[in-house]
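# Just to be clear, the model below is a prediction. Sequence and coordinates:
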Amino acid sequence: MTTSFWHGFADMHQVKDAQVVFREANGVRVTDIEGREYIDATAALWYAAVGFGRDEIADAAAAQMKRLSAYSSFGAFTTEPTVQLAERIAKIAPVEDAAVFFTCGGSESIETAGKLARRYWDVMGQPNKRIIVSREHAYHGMAALGTSLAGIPINKAGYGTLVADTLQVGAHNLDEVEALFAKRGAEIAAFIAEPVIGAGGVIPPEAGYFDGLQQLCHQFDILLIADEVVTGFGRMGTWWGSERFAIEPDLITFAKVVTSGYVPLGGVIAGPRVRAPFWDEPIPGAVFRHGYTYSGHATACAAGLANLDIIEREGLVARCATLEPVVARELGRLAGMPIVGDIRTVGLTGAVEVAADVRAAHPGAVDAVVAAARRNGVLTRPVRGVGLQFSPAFVISEADIAKIADGFAAAFTEVAATL
């Protein structure tokens, strides 16, 4: 039967008659309406950190809905779980004296951080500083600013100019950054970077990159935004990717793992520099006139508190660090297999590429391997059209990591035989 649901990132000419519908899930296993069970290699979309079916989060959300489902956080109003979650995130944030602005997800967090960076410079008497710089291969959500900052060309193709004053540099090219800052630093508000490039291919930073980037941001007086929508709350084996890679950002965006996806939630952490003119200094008119209907949604924040309880109680941040060499070993087994290209792993994250020459000769090869993995009982997705994503729940066992690697291997073998 043809669906009425328009899927994201989907060619509906094909998907309208071929959607895969899931019915239930537990831990890292997902079951579709036909009764087929799969191991989820992606935590849905990087987010299901504590696994599916956690009653504690569902119960916390239900209890909050019965008490007070939501209330506006505009002006002086807010709710108890909103305040509690903001305080909790501020305490574990990798910056001192943090303030937390809640959104409904990663794309809104990027929009918020970008507006806040520009508004900061306006308040500080430098309204000409409006340019935001991003990196090649970057993914910063799909709202207007995030699309304009996209380092994956296909994600911005066909939309025209959505947000002006955005520029892009090579993923690890500090010489290009320095040249740009020297030429246009007086116009640049912020540089945004993922600690590990996620959807763009799971690309860890090169040694010394962030140290050099931070020095340039300080030298030219440019704010640094760490996009931690994927790396925040433990996936790197530390609470934040910024901690792991010694990044000292002015603003941090987050979403996904803050609730393990049980309820949509995201946010922006503002460090002391950006917070000061809006909170602490008597600057007339220094108000950030921005917000969303569901900013600080009470039920979402209650779910977030329960989710963080589980992460802390079960030691899941440390578990990601413990599993990192297991991931490297198991995915590393695929090296040298037919049509397998580069393999990258960091934390509880990885990408297994289809070889570049194979992709050039067979443009549908990556999608074919993804589909073959599903036939072999493993759910994954393409990253930047070059390979398979690995980003499972933090609760995954070593045995299931090995099973995912086995499923990937079977998929590559199956597709290689057809090319």
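Looks like it arrived, so ask away. Residues are numbered from 1 along each chain as shown.
# tell me which residues form a beta bridge with residue 192?
residue 225 (DSSP bridges).
# and it, how far is that from residue 400?
From residue 192 over to residue 400 the distance is 34 Å, taken as Cβ to Cβ, to the nearest Å. Yep, even glycine has a C-beta here, placed from its N, CA and C like the rest.
# more neighbours, those two?
residue 192 (26 against 20; other Cβ atoms under 10 Å).
# give me every residue that touches residue 156.
147, 148, 150 (Cβ atoms under 8 Å, 6 or more residues apart in numbering).
# Kindly report the same for residue 98.
89, 90, 269, 270, 271, 272, 275.
# out of those, who's nearest residue 157?
Among the contacts of residue 98, residue 269 lies closest to residue 157 (Cβ to Cβ), at 31.7 Å.
# residues near the closest one, how many?
Using other Cβ under 10 Å, residue 269 has 30 neighbouring residues.
# Just give the nearest non-adjacent residue to it, would you?
Closest residue in space to residue 269, ignoring its immediate chain neighbours: residue 252 at 4.1 Å, by Cβ to Cβ, 6 or more residues apart in numbering.
# Verify the contact between residue 359 and residue 367 for me.
No. Here residue 359 does not reach residue 367: they are 10.6 Å apart, not a contact under Cβ atoms under 8 Å.
# List of residues touching stretch 9-26?
Applying Cβ under 8 Å, 6+ apart, the set of residues contacting stretch 9-26 is 2-3, 5-7, 30-33, 40, 51-53, 374.
# ok, now with 6 Å
The contact list for stretch 9-26, computed with Cβ atoms under 6 Å, 6 or more residues apart in numbering, reads 2, 3, 7, 30, 31, 32, 33, 52, 53.
# want to try JSON lines for the contacts of residue 156, with pLDDT as columns?
Shown next, in JSON lines, are those (pLDDT from 0 to 100):
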{"residue": "147", "pLDDT": "97"}
{"residue": "148", "pLDDT": "97"}
{"residue": "150", "pLDDT": "95"}
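# Only the buried subset of the residues you listed, as a PyMOL command please.
A single PyMOL command selects the buried members of those (16 or more other Cβ atoms under 10 Å):
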select buried, resi 147+148+150
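# returning to what we had before: of the contacts of stretch 9-26, which is the nearest to residue 290?
The nearest member of the contacts of stretch 9-26 to residue 290, counting by Cβ to Cβ, is residue 7 at 30.1 Å.
# so what's that closest one closest to, chain neighbours aside?
Nearest to residue 7 is residue 15, by Cβ to Cβ, 6+ apart, at 5.3 Å.
# Can you list the low-confidence ranges for the stretch 51-200 of the chain?
Scanning the stretch 51-200 of the chain for pLDDT under 70 picks out nothing.
# That one: helices as residue ranges?
55-68, 80-92, 106-123, 144-148, 174-184 (DSSP state H, counting those that start in this stretch).
# out of these, deepest packed?
Among those, the stretch with the highest mean neighbour count (mean count of other Cβ atoms under 10 Å) is helix 106-123, at a mean of 24.
# for the helices of the stretch 51-200 of the chain, which one sits closest to residue 308?
Nearest of those to residue 308, taken as Cβ to Cβ: helix 80-92 at 6.2 Å.
# Kindly state the domain boundaries assigned to this protein.
As recorded under automatic domain parsing, the domains making up the chain are 12-53+315-416, 55-313.
# From start to finish, how long is the first one in a straight line?
Put plainly, it is domain 12-53+315-416. 27 Å (Cα to Cα, to the nearest Å).
# measure residue 274 to residue 99 for me?
Following Cβ to Cβ, the distance that separates residue 274 from residue 99 is 8 Å.
# and those two? which has more neighbours close in?
residue 274 (28 against 18).
# and that one, which of the three is it?
helix (DSSP: H, G, I helix; E, B strand; the rest coil).
# Might one say that it is in contact with residue 121?
No. Counting by Cβ atoms under 6 Å, residue 274 does not reach residue 121; the two are 9.9 Å apart.
# that older thread, what degree of burial does the residue nearest to residue 7 show, as a neighbour count?
Using other Cβ under 10 Å: residue 15 sits among 15 other residues.
# With residue 154 instead?
As a burial measure, residue 154 scores 10 neighbours (other Cβ under 10 Å).
# Residue 360 too?
By other Cβ under 10 Å, neighbour count at residue 360 equals 9.
# For the strand or helix carrying it, buried residues please.
Assessed by DSSP states H and E, residue 360 sits inside helix 356-361. Within helix 356-361, the residues scored as buried using 16+ other Cβ under 10 Å are 358, 359.
# Residues contacting it, please?
If you take Cβ under 6 Å, 6+ apart as the criterion, helix 356-361 is touched by 339, 341, 365.
# now stretch 281-291
Stretch 281-291 is contacted from outside by 74, 115, 119, 123, 277, 278, using Cβ under 6 Å, 6+ apart.
# again, but for stretch 336-354
196, 201-202, 204, 235-237, 320, 323-324, 327-328, 331, 334-335, 355-356, 358, 365-366, 383, 386-388, 390-391, 408, 412, 416.
# Now, the residues you listed that are in helices?
320, 323-324, 327-328, 331, 356, 358, 365-366, 408, 412, 416 (DSSP state H).
# All the helices of the stretch 201-350 of the chain, in order from the start?
Under DSSP H, counting those that start in this stretch, the stretch 201-350 of the chain gives helices at 209-219, 241-244, 272-279, 298-313, 316-332.
# how about those helices in TSV, adding mean pLDDT and distance to residue 59?
Putting those into TSV (pLDDT from 0 to 100; distance: least, Cβ to Cβ, whole Å) gives the following:
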stretch	mean pLDDT	distance to residue 59
helix 209-219	98	40
helix 241-244	98	31
helix 272-279	97	34
helix 298-313	98	8
helix 316-332	98	19
